[in-house]
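S.K.: give the three-dimensional model of this entry:
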Amino acid sequence: MDEAVAQAIERFGRLDVVIANAGLLAKAATLRNTPIGDLESTLAVNVTGVVNTVAAGLEAVIASRGQIVLISSVFAFVNGMGTIPYAMSKAAVEQLGRGLLVELAGHEVSVLTAYFSLVQTDMIAHGVDEDPMVLELLGTLPAPLLARITPTAAATAIADGLERRSSRVIRPALWRPVSALRGLLGPALDARFAADRRILDVLSRLDARGASSRNLTSTKPSTRKKERA
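M.R.: Numbers count the residues shown, from 1 in each chain. The predicted structure is shown next:
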């Protein structure tokens with residue numbers, strides 16, 4: 001990242017905007033059956049990767065009184081059932097944005113945090129559309145909130161936010177009141193989800209799927225021991 005920043009400055013003379021877009025989505029699973037490696041890789045990319053990107057360009061952005069963009073998600077404030085590591089990582093990105101917003105204010109650097117729902121990317125195609133259980137979980141949310149946006153719409157929202165030096169953009173816009181009222185809606189929705197038999201049924205099946213995978217994986221150590229012997 002340091003080399004990329006150095007090359008950008010050498011070519012263009014300055015660096016005005018850094019967009020930290022590192023992110024991945026691990027296979028859906030309950031935390032009980034999430035391999036620790038999946039959690040570690042999610043946090044390594046979605047959190048540490050974002051920090052690495054920001055850190056590499058920070059001095060150059062301060063010098064130009066520029067802007068930093070962080071890609072969070074509506075999962076920063078919506079229940080992360082079935083994808084807890086991803087939701088954890090996006091909440092961490094939100095906190096990174098809030099902290100930097102204040103720390104860099106004296107340098108006249110603005111920080112924009114983008115909260116998107118489902119953006120039509122390969123990550124969503126493989127991690128959501130190809131997994132019926134994930135679609136079932138999402139189906140418990142109000143249909144208007146599940147509206148998808150294109151990468152172009154997401155990029156346009158970021159560009160508009162940069163032009164205004166906004167501190168946040170949320171797309172689809174229907175998520176704005178959910179974010180604004182999260183202190184009230186969050187606990188209420190959590191309680192509703194915890195009592196929804198449809199959700200509990202899907203989570204039970206997701207748990208069973210993870211347990212089955214874990215049982216298959218647990219046979220591998222004995223094989224590895226034989227190979228080492």
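S.K.: tell me the mean pLDDT for the lengthiest strand in the chain?
M.R.: Assignment by DSSP state E gives strand 110-116 as the longest strand of the chain. If you average the pLDDT over strand 110-116, you get 98.
S.K.: give me the buried positions along the helix or strand that comes right after that strand.
M.R.: Using DSSP states H and E, the helix or strand that follows strand 110-116 towards the C-terminus is helix 122-124. By 16 or more other Cβ atoms under 10 Å, the buried positions in helix 122-124 come out as I124. Placement of C-beta: from N, CA and C, glycine included.
S.K.: for the next helix or strand after helix 122-124, buried residues please.
M.R.: Going down the chain from helix 122-124, the next helix or strand is helix 132-138, by DSSP H and E. Buried residues in helix 132-138, counted by 16+ other Cβ under 10 Å: 134, 136-137.
S.K.: over to stretch 139-147?
M.R.: For stretch 139-147, a neighbour-count test (16+ other Cβ under 10 Å) marks nothing as buried.
S.K.: same question for stretch 45-60.
M.R.: By neighbour count with 16+ other Cβ under 10 Å, stretch 45-60 contains the buried residues 45-47, 49-50, 53-54, 56-58, 60.
S.K.: write down the beta-bridge partners of I170, one by one.
M.R.: Applying DSSP bridges to I170 gives these bridge partners: Y115.
S.K.: contacts only, for V111.
M.R.: 67-70, 97, 100-101, 104, 167 (Cβ atoms under 8 Å, 6 or more residues apart in numbering).
S.K.: go again using 6 Å as the cut-off
M.R.: By Cβ atoms under 6 Å, 6 or more residues apart in numbering, the contact set of V111 is 68, 97, 100-101.
S.K.: pick out whichever of those residues sits closest to M1.
M.R.: Using Cβ to Cβ, I68 is the member of the contacts of V111 that lies nearest M1, at 13.6 Å.
S.K.: just give me the neighbour total for that closest one.
M.R.: When neighbours are defined as other Cβ atoms under 10 Å, I68 has 24 of them.
S.K.: again, but for the one 4 residues further on
M.R.: Applying other Cβ under 10 Å, we find 25 other residues in the vicinity of S72.
S.K.: what's the pLDDT at it?
M.R.: For S72, pLDDT reads 97.
S.K.: so where do the strands sit in this protein?
M.R.: 17-20, 67-71, 110-116, 168-171.
S.K.: those: which one's closest to S204?
M.R.: strand 110-116 (29.4 Å).
S.K.: now the angle from that closest one to strand 67-71?
M.R.: With axes from the mean of the first three to the mean of the last three Cα atoms, to 10 degrees defining the directions, strand 110-116 sits at 20 degrees from strand 67-71.
S.K.: now the residue nearest the centre of the chain: how far from S204?
M.R.: Centroid check for the chain by Cα atoms, centre = their mean gives K90 as the closest residue, at 3.9 Å. For K90, the distance to S204 equals 25 Å [Cβ to Cβ, to the nearest Å].
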